[in-house]
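Asker: Pasting the sequence and the predicted coordinates here, then a few questions.
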Amino acid sequence: VGFLLPDDVMIEMVFIVRADMLPPDCDSPSPDQEYSMKIGNLTPNISLTIQSGTYAETIDPTFDCGSGPPDMIIAMNAGLYAYDSWRVVIEYLSVHTGVVGVFTDYNEHSGLNCASLGGGKSRDSLYVNPFRQPRTMPVYSMNLPQFSNGFMYVYNEQELDM
């Protein structure tokens, strides 16, 4: 993929994973230590880091993961409405309007509530994700269709200069 990028474009991807969601072979050395793994440079202009934790609890709430603030925050099946740890992310995006936030959610009801946290423009950006899981997920506690990454919405949507 790196060969598709111009030489002056550098991409650093930092994947934040809750400690309880890490695979068993990625356990931290001790319960009070976080897990961090740098894959390194996949190509001369792409690097990847996997970091355990949540923002504001174990990771710098200013979103500096070592190389400065992000240009974009992406969270799949985020459930912004269900987890308090996302509150810091929403506050960050509301203050830093130059940072784009792209989120997916399992169902339209949750997606609408989460997108509404970002205001009217974010709420209006909610749509069915064309790249969602094609089969519905069985959920017996509610009668709403659920799809992994089923609905997508954007905070601080911007037009790109071409």
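Answerer: Okay, I see it.

Asker: just the strands in this protein please.
Answerer: Under the criterion DSSP state E, the chain contains strands at 11-17, 36-43, 46-52, 72-75, 100-105, 127-128, 151-155.

Asker: Have a look at the chain and report the helix or strand with the lowest mean pLDDT.
Answerer: In the chain, the helix or strand scored least confidently by mean pLDDT, DSSP states H and E is strand 36-43, which has a mean of 63.

Asker: circling back to that earlier point, quick check: which of the strands of the chain is nearest to Thr62?
Answerer: Checking these against Thr62 by Cβ to Cβ gives strand 72-75 as the closest, at 12.5 Å. In short, each C-beta sits where N, CA and C put it, glycine included.

Asker: ok, back up a step: take the strands of the chain and write them to a markdown table, including mean neighbour count.
Answerer: Below are the strands of the chain laid out as a markdown table (neighbours: other Cβ atoms under 10 Å):
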| stretch | mean neighbour count |
| --- | --- |
| strand 11-17 | 15 |
| strand 36-43 | 12 |
| strand 46-52 | 17 |
| strand 72-75 | 15 |
| strand 100-105 | 23 |
| strand 127-128 | 12 |
| strand 151-155 | 23 |
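
Asker: Now render these as TSV, adding distance to Ser116.
Answerer: Below are those laid out as TSV (distance: least, Cβ to Cβ, whole Å):
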stretch	distance to Ser116
strand 11-17	23
strand 36-43	34
strand 46-52	29
strand 72-75	16
strand 100-105	12
strand 127-128	15
strand 151-155	9
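
Asker: Comparing the ones you listed, which yields the minimum mean pLDDT?
Answerer: Lowest mean pLDDT within the strands of the chain: strand 36-43, at a mean of 63.

Asker: Helices along the protein, start to end?
Answerer: Counting by DSSP state H, one finds helices in the chain at the ranges 87-95, 108-116, 120-124.

Asker: The first one to strand 100-105, inter-axis angle?
Answerer: Between helix 87-95 and strand 100-105, the angle comes out at 140 degrees (axes from the mean of the first three to the mean of the last three Cα atoms, to 10 degrees).

Asker: if we can go back for a sec, just say which of the helices of the chain is most tucked in.
Answerer: Mean neighbour count (mean count of other Cβ atoms under 10 Å) peaks for helix 108-116 among the helices of the chain, with a mean of 19.

Asker: For it, which helices and strands make contact with it?
Answerer: Judged by 3 or more Cβ pairs under 8 Å, 6 or more residues apart in numbering; DSSP states H and E, helix 108-116 is in contact with strand 100-105, helix 120-124, strand 151-155.
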